[in-house]
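>>> Structure for this input, please:
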Amino acid sequence: MYDMPDEIQVEADGPLRIITLNRPDELNAVNDDLHVGLARIWSRLSQDRTARAAVITGAGKAFSAGGDFNYIQQISQDADLRAKTIADGREIVMGMARCRIPVIAAVNGPAVGLGCSVVALSDIVYMGERAFLADPHVQVGLVAADGGPLVWPMQMSILQAKEYALTGARIPAQKAVELGLANHVVADPLAEALTAARKILELPQKAVESTKRILNMQLERQVAITLDYATTAEELTFGTDDLKNNVAKLLQGNK
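Numbers count the residues shown, from 1 in each chain. So this is what the prediction gives:
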């Protein structure tokens, strides 16, 4: 559906769209195809006048383990791929901020890096009891341009946002709720997210969509203040020796 790559499955259940990040053997780590799909899907949802709500989750044990290290290495070595990836990252952020319909995240496992960013940009978040959030961009050697530091200061105190963005520390599910990064910790996040989505479907469509837009106008304005700087800075860090050396070590450790 929506001409998505195999790495993103989209299922229609009446006016509900169920989006599944689909690289379970790699814990849904983001490669180029998955990144491109995430850049495209939000505008496709907005243009689909039969869609009224969406749930996003991950196949298998994880929501998303973040960037695939092989992909990150390719970006660091290929300037054209780097420019495309940065542009796609911008589309993911702005696409989610502007998406017409409510997006509910069912965080079934770790949500790291871009996975954490997708959660931060969602409208309602259900987390599994063993799920956690983490934004380790800085640990790898990258500027976190596509989520956490863009959105977190609107969701929790600036001191907490700095701590988690600068250290990459994990945020367990219950702590995420306490900080304002998630709504609920539940045994079955997908079931709960689907229930919430179907309740929204029972409400007047125009009222729901316009209310979301009012709320997200604040989000979009705050994101726009920093997004240009953030994406430029991230593009530069993809070319640093720190990033290249860290990724090489991580790839070696995975062998």
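
>>> pretty sure residue 123 contacts residue 211?
No. If you go by C-beta atoms under 8 Å, residue 123 and residue 211 don't touch, sitting 10.4 Å apart. Any C-beta I mention is one placed from the backbone N, CA and C, and that applies to glycine too.

>>> For those two, indicate the residue with more neighbours.
residue 123 (20 against 13; other C-beta atoms under 10 Å).

>>> wait, what's in contact with the spatially closest residue to the more buried one that is not a sequence neighbour?
Nearest residue to residue 123 in three dimensions, chain neighbours excluded: residue 102, at 4.7 Å (C-beta to C-beta, 6 or more residues apart in numbering). Listed by C-beta atoms under 8 Å, 6 or more residues apart in numbering, the contact partners of residue 102 are 53, 54, 123, 124, 197, 200, 208, 212.

>>> Next step: those restricted to strands.
Using DSSP state E, 53, 54, 124 are the members of the contacts of residue 102 that sit in strands.

>>> Considering the residues you listed, which possesses the most neighbours?
residue 53 (29 neighbours).

>>> and residue 25, how many residues sit next to it?
So residue 25, with other C-beta under 10 Å, has 8 neighbours.

>>> mind listing what it touches?
residue 60.

>>> Quick check: the gap between it and residue 188.
23 Å (C-beta to C-beta, to the nearest Å).

>>> For the chain, just list every one of the strands.
For the chain, applying DSSP E gives strands covering 8-13, 16-21, 53-58, 103-107, 111-112, 124-128, 132-134, 171-172, 184-186.

>>> Let me see the ranges of the helices in this structure.
Using DSSP state H, the helices found in the chain span residues 32-47, 69-77, 79-98, 114-121, 137-140, 148-155, 158-167, 173-179, 189-201, 205-237, 241-253.

>>> Fine by me, thanks again.
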